[in-house]
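Asks: build me a model:
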Amino acid sequence: MKRTHLLQMLAGVTAATAACALTAVKRRQSGHRRTEDRVVLITGGSRGFGFAIAERFAREGNKLVLTARSVEELNEARNSLLKKRAVLSADDVLLIPADLKDEAQAKSLVEHAIGHFGRIDVLVNNAGIIDVGPIEDFSVETFRNSMEVNFFAALHVTQAALPYMLNRDRSRPAAIVNICSIGGKVAVPHMLPYTASKFALVGFSQGLHAELRHKGVRVTTVCPGLMRTGGHVHANFVGNARKEERWFNLAATTPIVAASVKRAANRVYHAVAQGRAEITITPQAWLMARAVGIAPEAVQRLGSLANEFILPAPVTTSSRGLGTAMQAHAEEEEGAATTTAPWISTAQSHPVM
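Replies: I've put the predicted structure just below:
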């Protein structure tokens, strides 16, 4: 009798557990969790990490403003969000092509977003480029371009959005997220243009947090390590390009070394929800950030050894030829940008899609 009673209790518990699990699945499938109603502007939101962040915010019921230079990629991003049912309607995603190196275009982007949705609750500065190679094979122009894209683009959009965020309805929390890099805390050999620009962005983001926190705008500095975003295929390689590409792509696609972009986007979402000042993504990045704080000289020495014995040697061997290998590439890249993005030719207003 007791045994029969026990079996009945176990069967009841099992049935209840299964019912709860089924209900949870149905809620997720029906969009039950779409309870938020924020406007999230994401730069570089058409692919890679930016798109993953967009999808994560969209699944909670937020509206998106996505910007990138390519109209085609932006349209593909919106179609992908609809196909995945991350958004319920195309009206929830505003696409604005822009080259954010231009301060006027950044201002126009923000004005269009405000005009369309009425506000910006979360700004995610994610747009960026990566250049890989030894210092001897980089031109000054490459450093300047990295600063324009990785630092000044974020500065331009932040300055354009900040007046609206400071004068908003205080019942709605506001947040700025700067996607920096562990390369903004630890100098990485063969990535100096990227490292220099990300160091600048980390300093700007941390200082911005200090100035805006008491004004009700939370600023989160995100320092990821390597992530499997697919962005490695868009990196620029100089010097012995084939060897440089080989080591970088291997590191960027190895599961143990590089983090899942979906998991990283989830970390960013929760950091915003919790009002975190700074997060570091991947255990390796966490360890590197702390190691450089405790033993900076030792970390620099390790970087020097890696450069000497692992990374490819430069192609340019004399100081007189410094950067000449990149000159033709820079001109080629400039021409390609003009060809693939003809709508970005002036500082005037851009089409709202």
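
Asks: wait, Ala90 sits on Ser80?
Replies: No: when contacts are counted by Cβ atoms under 8 Å, Ala90 is not listed as touching Ser80 (11.9 Å). For every residue, glycine as well, the C-beta is placed using N, CA and C.

Asks: buried sites along stretch 67-84?
Replies: By neighbour count on 16 or more other Cβ atoms under 10 Å, the buried set for stretch 67-84 is Thr67, Ala68, Arg69, Ser70, Val71, Glu73, Leu74, Ala77, Arg78, Leu81, Leu82.

Asks: save the residues you listed as a markdown table, and put in distance to Val268 and secondary structure too.
Replies: A markdown table is the format used below for these (distance: Cβ to Cβ, whole Å; DSSP: H, G, I helix; E, B strand; the rest coil):
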| residue | distance to Val268 | secondary structure |
| --- | --- | --- |
| Thr67 | 17 | strand |
| Ala68 | 18 | coil |
| Arg69 | 22 | coil |
| Ser70 | 23 | coil |
| Val71 | 26 | helix |
| Glu73 | 20 | helix |
| Leu74 | 20 | helix |
| Ala77 | 17 | helix |
| Arg78 | 20 | helix |
| Leu81 | 17 | helix |
| Leu82 | 22 | helix |
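
Asks: from these, pick the one nearest Met288.
Replies: Using Cβ to Cβ, Ala68 comes nearest to Met288 of the buried residues of stretch 67-84, at 29.3 Å.

Asks: among the buried residues of stretch 67-84, which two are most distant?
Replies: Farthest apart among these - using Cβ to Cβ - are Arg69 and Leu82, which lie 21.8 Å from each other.

Asks: which regions of the stretch 101-250 of the chain sit below the pLDDT cut-off?
Replies: Along the stretch 101-250 of the chain, segments meeting pLDDT under 70 span 228-232.

Asks: all helices of it, in order?
Replies: 103-117, 140-147, 153-166, 192-212, 241-253 (DSSP state H, counting those that start in this stretch).

Asks: turn those into CSV, including mean neighbour count.
Replies: Compiled in CSV, the helices of the stretch 101-250 of the chain are given as follows (neighbours: other Cβ atoms under 10 Å):
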stretch, mean neighbour count
helix 103-117, 19
helix 140-147, 18
helix 153-166, 21
helix 192-212, 20
helix 241-253, 16
